[in-house]
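S.K.: Dropping the sequence and predicted coords here.
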Amino acid sequence: MSIALDRGLSVLEHLTRYPQGLPLSMIASELDIPLSACHRLLAELQRRDYVRQARKQGDYVLTTKVVALGLGFLSSAGIVDIAEPLLERLAQSSGELVRLSIVDEDRLTFVAKAQGPRQAGLRYDPDMGADARLSCTASGHAWLMTLSDERALELVSRQGFGAPADYGPTAPTTVKALLGFLHAARVRGYAVIDEVFAPGMTAVAAPVLRRGQAIGVISIAGPRSRLTPRRLHELAPALLQAVAELGPISNASTLFGRPPLGKG
């Protein structure tokens, strides 16, 4: 990869963490790019409408063009149209947030969601397009449970466990603890987390399988005050039915149509 391309992509990825924008000097400093080179990159990205300045001589922020590219790709691939009825059905029956993530080599990325009827109180609603933290999300565990322990640990080691303070009080921080989660998930056929990804949050997830390999994951997540551990297991049969339905029809999507990757 050329230096300019690598730096340009780094700038875009970095700005996704700062919706309010960043000044040129900070972008250059945090990415270790010479100030003049960073200015040229931002000028080119601005010319192509990927970034804009919040005001004249002001901070640089991403435009919606990056989002539009991703949504356009997903629409063309047919994934949203295929999965939407299943996600909506689960969202209505559970009353919580239902998400679909897809396996792409060594990544698991959230690509679609459906939110159940709004209820009073807490609402858990993360952004789409992010990669799942494999070590401490129900979706991550649901994918890893389909792989060998060796392959699962390889993927987690590559991504990292993350800082314990950033996740829930029961998040696994050791290989032994993570394998305990995965072995339990394999026995029951789906993954469950209780205050693992975040305090007060629970989730259940199951892999979408095609020819015995995971190509995606469907999860249900919400606040523990509503989505109790008992409720998670009550929702499991409906979740397993949804992933069983999505697997056979996934061939209709060009995105799902690629050979499954990340085999253990």
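M.R.: In hand now; what should we look at?

S.K.: hey, where'd the strands end up in the stretch 1-150 of the chain?
M.R.: Shown for the stretch 1-150 of the chain, the strands assigned by DSSP state E, counting those that start in this stretch span residues 51-53, 60-62, 97-104, 107-115.

S.K.: Would you reformat those as a markdown table and include mean neighbour count and distance to residue 208?
M.R.: Every C-beta, even on glycine, is put in place using the N, C-alpha and C of the backbone. Output for these, formatted as a markdown table (neighbours: other CB atoms under 10 Å; distance: least, CB to CB, whole Å):
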| stretch | mean neighbour count | distance to residue 208 |
| --- | --- | --- |
| strand 51-53 | 19 | 35 |
| strand 60-62 | 18 | 30 |
| strand 97-104 | 24 | 8 |
| strand 107-115 | 20 | 11 |
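
S.K.: out of the ones you listed, which comes closest to residue 234?
M.R.: Among the strands of the stretch 1-150 of the chain, the nearest to residue 234 by CB to CB is strand 97-104 (15.0 Å).

S.K.: returning to what we had before: and the strands of the stretch 1-150 of the chain as TSV, adding distance to residue 140 and mean pLDDT?
M.R.: Below are the strands of the stretch 1-150 of the chain laid out as TSV (distance: least, CB to CB, whole Å; pLDDT from 0 to 100):
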stretch	distance to residue 140	mean pLDDT
strand 51-53	31	91
strand 60-62	26	91
strand 97-104	9	89
strand 107-115	6	86
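
S.K.: Of those, give the one that comes closest to residue 33.
M.R.: Nearest of the strands of the stretch 1-150 of the chain (CB to CB): strand 60-62, 12.9 Å.

S.K.: Dump the strands of the stretch 1-150 of the chain to a markdown table, plus distance to residue 44.
M.R.: Listed next are those as a markdown table, based on distance: least, CB to CB, whole Å:
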| stretch | distance to residue 44 |
| --- | --- |
| strand 51-53 | 9 |
| strand 60-62 | 12 |
| strand 97-104 | 27 |
| strand 107-115 | 27 |
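
S.K.: Out of these, which gets nearest to residue 210?
M.R.: strand 97-104 (10.3 Å).

S.K.: which helices and strands sit right next to the closest one?
M.R.: In this structure, strand 97-104 packs against helix 79-94, strand 107-115, helix 138-144, strand 213-223, with contacts taken as 3 or more CB pairs under 8 Å, 6 or more residues apart in numbering; DSSP states H and E.

S.K.: most tightly surrounded among the ones you listed?
M.R.: With neighbours taken as mean count of other CB atoms under 10 Å, the helices and strands packed on strand 97-104 reach their highest mean count in helix 138-144, at a mean of 29.

S.K.: Would you mind getting the angle between the helix or strand where residue 233 lies and helix 79-94?
M.R.: In the assignment (DSSP states H and E), residue 233 maps to helix 229-249. Helix 229-249 and helix 79-94 are oriented at 150 degrees to each other (axes from the mean of the first three to the mean of the last three CA atoms, to 10 degrees).

S.K.: relative orientation of helix 229-249 and strand 97-104 in degrees?
M.R.: Orientation check (the same axes, to 10 degrees): helix 229-249 against strand 97-104 gives 50 degrees.

S.K.: Please enumerate residues in contact with helix 229-249?
M.R.: Helix 229-249 is contacted from outside by 82-83, 86-87, 89-90, 93-94, 188-190, 192, 194, 202-210, 215-218, 220, using CB atoms under 8 Å, 6 or more residues apart in numbering.

S.K.: 6 Å - rerun?
M.R.: With contact meaning CB atoms under 6 Å, 6 or more residues apart in numbering, helix 229-249 is reached by 86, 90, 93-94, 190, 192, 194, 202, 204, 206, 208-210, 218, 220.

S.K.: from these, which two are the most distant?
M.R.: Greatest spatial distance among the contacts of helix 229-249 (CB to CB): 194 and 210, at 29.2 Å.

S.K.: on that earlier part again, what's the closest of the strands of the stretch 1-150 of the chain to residue 34?
M.R.: That would be, of those and by CB to CB, strand 60-62, which comes in at 16.3 Å.

S.K.: So which other helices or strands are in contact with the closest one?
M.R.: Counting contacts by 3 or more CB pairs under 6 Å, 6 or more residues apart in numbering; DSSP states H and E, strand 60-62 packs against strand 51-53.
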